[in-house]
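Visitor: no FASTA, just this:
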């Protein structure tokens, strides 16, 4: 089943009076359970693709469907609802709230959902912190943790609301090689055990090697799409 798909998606950005093409007509579907990496040189369009998959932007032309909804037709509050309910985000800079503990950072998306009481939220957060191996760091602030520990908090935050898919933008960029490998193994394990769909944007050969689907983009077009 396609969770998200593009049909001849085009995206142009204006730089002054000049229109710069980022995507030139991409047709692509992400299926439930995919562990997919989008790879390509800087300026190839991979971050733009992630922004469209994440409802952070809309296409200039063509179609992008999230859960069968054409995002071009959605209002800003509807796009926010889609992001809150269906999509998890992992950023290379972690994007944790510095004044909140690990527990509070992971709890935050559940508070936004307004679906669970305090007791249920606490149970879900503690289970997720344990799942990513940092249950003992629940009360630490981001500034009191290593980069790898912060990225584990970010993964827990992305997964705690059980999203349909997770977008990970260069998730290994700001951590050392060993920790990066551990983080990738953790996400692959969650993909296999929980069926969570992951879509990476990456330059990292390790991410490309571990992905079960490698989508290569160049000059705003898909160059190759290989499942393995």
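Guide: Yes, it's here. Every value quoted in this text rests on a predicted model; they were computed, and no experiment measured them.
Visitor: Distance of the residue nearest the centre of the chain relative to residue 3?
Guide: In the chain, the C-alpha nearest the mean C-alpha coordinate belongs to residue 167, at 1.3 Å (C-alpha atoms, centre = their mean). Distance, residue 167 to residue 3, using C-beta to C-beta, to the nearest Å: 11 Å. Placement of C-beta: from N, CA and C, glycine included.
Visitor: repeat for residue 126
Guide: 28 Å.
Visitor: So between the two, which is more surrounded?
Guide: More crowded of residue 126 and residue 3, by other C-beta atoms under 10 Å: residue 3, with 22 against 15.
Visitor: helix, strand or coil for the more buried one?
Guide: Classification of residue 3 using DSSP: H, G, I helix; E, B strand; the rest coil returns strand.
Visitor: following the lowest-mean-pLDDT helix or strand in the chain, which helix or strand comes up?
Guide: Lowest on mean pLDDT, DSSP states H and E among the helices and strands of the chain sits helix 177-194, with a mean of 88. Sequence-wise, the next helix or strand downstream of helix 177-194 (DSSP states H and E) is strand 197-202.
Visitor: Quick one: mean pLDDT for that next one?
Guide: What strand 197-202 shows for mean pLDDT is 95.
Visitor: Numbering from 38 from now on, please.
Guide: Taking 38 as the first residue, the last one we looked at is strand 234-239.
Visitor: List the pairing partners of that strand within its sheet, with orientation.
Guide: When sheet partners are counted by DSSP bridges, strand 234-239 sits next to strand 72-76 (parallel), strand 202-206 (parallel).
Visitor: What's the mean pLDDT across the first one?
Guide: What it means is strand 72-76. 96.
Visitor: can you list contacts of that strand?
Guide: Residues from elsewhere that reach strand 72-76 (C-beta atoms under 8 Å, 6 or more residues apart in numbering): 67, 83, 86-87, 224-225, 228, 234-240, 244-245, 247-254.
Visitor: What subset of those residues is buried?
Guide: 67, 83, 86-87, 224, 228, 234-239, 244, 247-254 (16 or more other C-beta atoms under 10 Å).
Visitor: Break down this structure into its strands, ranges please.
Guide: Assigned by DSSP state E, the strands in the chain fall at 39-52, 55-68, 72-76, 98-103, 106-107, 124-128, 202-206, 234-239, 250-255, 258-264.
Visitor: Please list the outside residues in contact with the shortest one.
Guide: This means strand 106-107. Strand 106-107 is contacted from outside by 100, 101, 119, using C-beta under 8 Å, 6+ apart.
Visitor: Could you dump these into TSV and include neighbour count and distance to residue 140?
Guide: Shown next, in TSV, are those (neighbours: other C-beta atoms under 10 Å; distance: C-beta to C-beta, whole Å):
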residue	neighbour count	distance to residue 140
100	15	40
101	24	35
119	17	26
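Visitor: Where does pLDDT dip in the protein?
Guide: For the chain, no stretch is flagged by pLDDT under 70.
Visitor: follow-up on the earlier one: now distance to residue 181 too, for the strands of the chain, in TSV please.
Guide: Shown next, in TSV, are those (distance: least, C-beta to C-beta, whole Å):
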stretch	distance to residue 181
strand 39-52	36
strand 55-68	36
strand 72-76	31
strand 98-103	36
strand 106-107	40
strand 124-128	19
strand 202-206	24
strand 234-239	28
strand 250-255	37
strand 258-264	41
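Visitor: So for residue 190, which of those strands sits nearest?
Guide: strand 124-128 (10.3 Å; C-beta to C-beta).
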